[in-house]
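Student: no FASTA, just this:
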């Protein structure tokens, strides 16, 4: 399979989230048949949904991968597991959250995997770092990722210092 450009969203709000996200960039790039092309700045954002938790550190990684979408997801879930990810509260605190946001121009839905990520265009904590790594990204079925900036401008997001 020829390599495909994919975007992985990274997020953490427990146990040293900045350092954890930085380590996770390297772990994502070390997946088989996968190369890290670009890493976004780190952003601090307020929690969404379940609000009684610390702020998040969010970022995106642009990768080229020959893994199929399900294989990439399985690799990401294994990284989350190594970081002690527990899924006990929906949208709750987490040591590490890794989501496939885009996988080339693929649009698909199967159990446990929907591409593109169905809420990526609604969340500043995804759009800002996505546009860092892929400014001309197209969200299949929706259009240019950059066209959604205005829709999320009211969401609080802070670019952390000393990030690319």
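Tutor: Right, received. Where do you want to start? In this text, all values refer to a predicted model and were calculated from it rather than measured experimentally.

Student: Residue 63 belongs to a strand?
Tutor: Yes: read with DSSP: H, G, I helix; E, B strand; the rest coil, residue 63 is one of the residues of a strand.

Student: What residues are bridge-paired with it?
Tutor: Beta-bridge pairing for residue 63 (DSSP bridges): residue 6, residue 36.

Student: and it, how many neighbours?
Tutor: Residue 63: 26 surrounding residues under other CB atoms under 10 Å. All C-beta atoms are positioned from the backbone trio N, CA, C, and that covers glycine.

Student: Check residue 135 too.
Tutor: Residue 135, neighbours per other CB under 10 Å, totals 10.

Student: Could you measure from the nearest residue to it once chain neighbours are set aside over to residue 23?
Tutor: Closest residue in space to residue 135, ignoring its immediate chain neighbours: residue 146 at 6.9 Å, by CB to CB, 6 or more residues apart in numbering. Residue 146 is 29 Å from residue 23, where distance means CB to CB, to the nearest Å.

Student: And for residue 105?
Tutor: Per CB to CB, residue 105 is found 30 Å from residue 23.

Student: Let me see the ranges of the helices in this structure.
Tutor: 17-29, 69-82, 124-133 (DSSP state H).
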